[in-house]
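> For reference, the sequence and a predicted model appear below.
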Amino acid sequence: MFQSLSRLFAFHRDPLAFFQTMEHHNGHRARFRMGLWNFWLLNDPASIRFVLTHHRQYFIKGPGIGPSNPLIGQGLLTQDNEVWAEQRRRFAPIFKPGNVQDMTPRIEDVISHFVANVPQGQPFDLQQAMLELSLSIVLATVFGQPQVNSSVVQSMGQEVQWLMAHFYHRSRSVFRFPYQVPGFNRRFHQHKRQLLDILRLITPQEPTTFMNVWPTISTDSEKALHELITLVVAGYETTGHALAWALNLLGQHPNVARCVYEESLKSDVPSPVTHPWTDRVIKETLRLYPSAWLLSRSSLKAVDFEDIAFRSDDIVLISPWLLHHSETWFDEADQFRPERWLTDPKPYTYIPFGAGQRGCIGEPLALLESRMALAHIIRAYRFIPQGPRRLFPGLTLQSLDPMWVSAYPR
């Protein structure tokens with residue numbers, strides 16, 4: 001029992017270090033008890049593929065933010081089974097290639113506005129700047145708002161970040177007073193009201209170009225709210241943090257930044273074919289800093305796979321961060337080497353967007369806006385990073401410290 005509790009404390013103290021220690025002592029497939037629960041930590045492509053491709057047959061979404069969440073509980077990220085499948089079918093047309101390509105003019109407008117207003121020659125927080133840029137892109141595409149006032153973007157970003165941090169800390173707390181109990185969770189309700197006020201302000205009264213081709217948001221007002229906030233959350237912090245890490249790495253590796261810069265002169269809408277270095281940098285960034293650093297599943301029933309005997313209610317942990325940093329699957333795994341993407345990795349060793357049925361539905365849009373943002377920004381500026389960059393695995397993988405950089409025009 002003592003060892004079980006000590007593992008739980010170690011996990012909460014530093015989950016990434018805990019994963020590395022577990023793999024070092026137990027190999028790529030580790031079974032252990034932590035607290036009151038039985039776990040598997042999987043870090044090899046065969047077992048990961050089995051778990052992620054047998055969702056709903058043998059496994060369901062694991063513990064974390066769930067359907068009872070009062071803000072996004074009825075959204076696509078937290079639902080499962082038939083409710084999740086219905087939402088997934090309904091939202092799938094949003095991210096078809098043709099519809100994503102139709103969004104490029106609005107994405108380009110937002111990025112161009114950002115590039116024109118970057119502080120020059122003085123330190124600014126790159127992480128916060130990329131979060132605001134990412135949120136502006138979400139608002140331009142999801143809500144059809146070409147340019148939202150910067151103060152509104154900042155206010156909305158602050159509310160979303162506070163609420164997501166609240167959910168993260170609550171998920172790790174022993175004391176979780178129900179949201180409906182009077183006198184508790186006052187700050188949560190205050191930030192929720194403020195976020196809803198902003199959403200009402202920016203939600204268009206008439207359908208926009210994109211909404212005409214998108215499936216209809218739920219007609220149930222509460223469910224519709226959860227779905228809209230889910231679209232914001234899923235496309236905001238993940239892409240924003242990834243862009244911040246990418247630009248930070250380019251600031252540290254000017255020779256690679258030069259390759260991206262030379263490509264950026266070709267066109268305003270980069271593709272993996274026309275901008276291979278840009279694409280490699282994004283892939284390598286997502287390998288080193290996958291925003292979704294942890295996936296969890298719960299086993300529905302006992303099932304065997306090779307030497308693994310899953311039992312009913314086992315919790316399965318898959319960490320893309322641990323997988324991507326394994327020397328077994330990547331040479332010099334801790335090093336930034338975009339050239340490694342001249343060849344594709346072994347399937348299921350690289351899963352920054354998850355995989356299987358619950359793979360990220362917004363991957364095409366996230367990659368498009370990442371390529372566009374990187375190309376436009378690097379074409380205009382070179383960055384000099386300053387200060388520390390300590391990893392913090394919250395709901396997304398981010399820097400615990402502000403990412404101070406100075407930007408200089410090219």
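Now that the structure is in, tell me what you want to look at.
> Now do the strands in this protein.
Remark: strands assigned in the chain by DSSP state E are 29-34, 37-42, 59-61, 124-125, 295-299, 303-305, 308-310, 315-318, 381-385, 391-393, 397-399, 404-409.
> dump the residue contacts of the nearest residue to residue 289 once chain neighbours are set aside.
Nearest residue to residue 289 in three dimensions, chain neighbours excluded: residue 245, at 4.2 Å (CB to CB, 6 or more residues apart in numbering). In this view, the C-beta of every residue, glycine as well, is placed from N, C-alpha and C. Contact partners of residue 245, counting by CB atoms under 8 Å, 6 or more residues apart in numbering, are 285, 288-289, 399.
> So what would you say the end-to-end distance of stretch 306-324 is?
One end of stretch 306-324 sits 23 Å from the other (CA to CA, to the nearest Å).
> what does stretch 84-98 give?
Taking CA to CA as the criterion, the two ends of stretch 84-98 lie 24 Å apart.
> from the chain's centre, how far out does that stretch sit?
Put simply, stretch 84-98 sits 18 Å off its chain's centre (CA atoms, centre = their mean, to the nearest Å).
> Equivalent analysis for stretch 348-364, please.
Taking CA atoms, centre = their mean, the mean C-alpha location of stretch 348-364 is offset from the chain mean by 11 Å.
> list the buried ones in it?
Using 16 or more other CB atoms under 10 Å as the test for burial, stretch 348-364 gives 348-356, 358, 360-362, 364.
> Which parts of the stretch 51-200 of the chain are helices?
Along the stretch 51-200 of the chain, the segments classed as helices by DSSP state H, counting those that start in this stretch run 81-91, 97-102, 104-116, 126-142, 150-171, 186-202.
> which stretches of the stretch 201-350 of the chain have low pLDDT?
Residues of the stretch 201-350 of the chain that meet the criterion pLDDT under 70 lie in 204-216, 218-219.
> Give me the subset of the buried residues of stretch 348-364 that lies in helices.
Counting by DSSP state H, these place residue 364 in helices.
> of the buried residues of stretch 348-364, closest to residue 60?
residue 358 (9.8 Å; CB to CB).
> what's the distance between the nearest residue to the closest one once chain neighbours are set aside and residue 2?
Setting aside the residues directly before and after it, residue 358 is nearest to residue 55 in space (CB to CB, 6+ apart), at 5.6 Å. Taking CB to CB, to the nearest Å as the measure, residue 55 falls 35 Å from residue 2.
> try residue 329
Per CB to CB, residue 329 is found 34 Å from residue 2.
> thinking again about what came up before, the residue nearest to residue 358 - how many residues pack around it?
Residues contacting residue 55 under the criterion other CB atoms under 10 Å number 19.
> now swap in the one 4 residues further on and tell me
By the measure other CB under 10 Å, the count of residues near residue 59 is 25.
> How about the closest residue to it other than its chain neighbours: which residues does it bridge to?
Spatial nearest neighbour of residue 59, chain neighbours left out: residue 297 (4.1 Å); criterion: CB to CB, 6+ apart. In this entry, residue 297 is beta-bridged to residue 61, residue 316, by DSSP bridges.
> show me the contacts for residue 297.
Residue 297 sits next to 51-52, 55, 59-62, 315-316, 318 when contact means CB under 8 Å, 6+ apart.
> so residue 406 sits right up against residue 122, yeah?
Yes: the pair residue 406 and residue 122 qualifies as a contact (CB atoms under 8 Å) at a distance of 6.4 Å.
> More neighbours: those two, which one.
With neighbours defined as other CB under 10 Å, residue 406 and residue 122 compare such that residue 406 has more, 18 against 7.
> Quick check: closest non-adjacent residue to the residue nearest the centre of the chain.
Centroid check for the chain by CA atoms, centre = their mean gives residue 238 as the closest residue, at 2.9 Å. Closest residue in space to residue 238, ignoring its immediate chain neighbours: residue 291 at 3.9 Å, by CB to CB, 6+ apart.
> thinking again about what came up before, report the buried members of the contacts of residue 297.
With burial judged by 16+ other CB under 10 Å, the buried subset of those is 51-52, 55, 59, 61-62, 315-316, 318.
> wait, which of those is closest to residue 391?
Closest approach between the buried ones among the contacts of residue 297 and residue 391, by CB to CB: residue 318, at 18.3 Å.
> Please name the spatially closest residue to that closest one (chain neighbours excluded).
residue 295 (4.4 Å).
> Could you report the neighbour count for residue 148?
Residue 148 sits with 19 neighbouring residues when counted by other CB under 10 Å.
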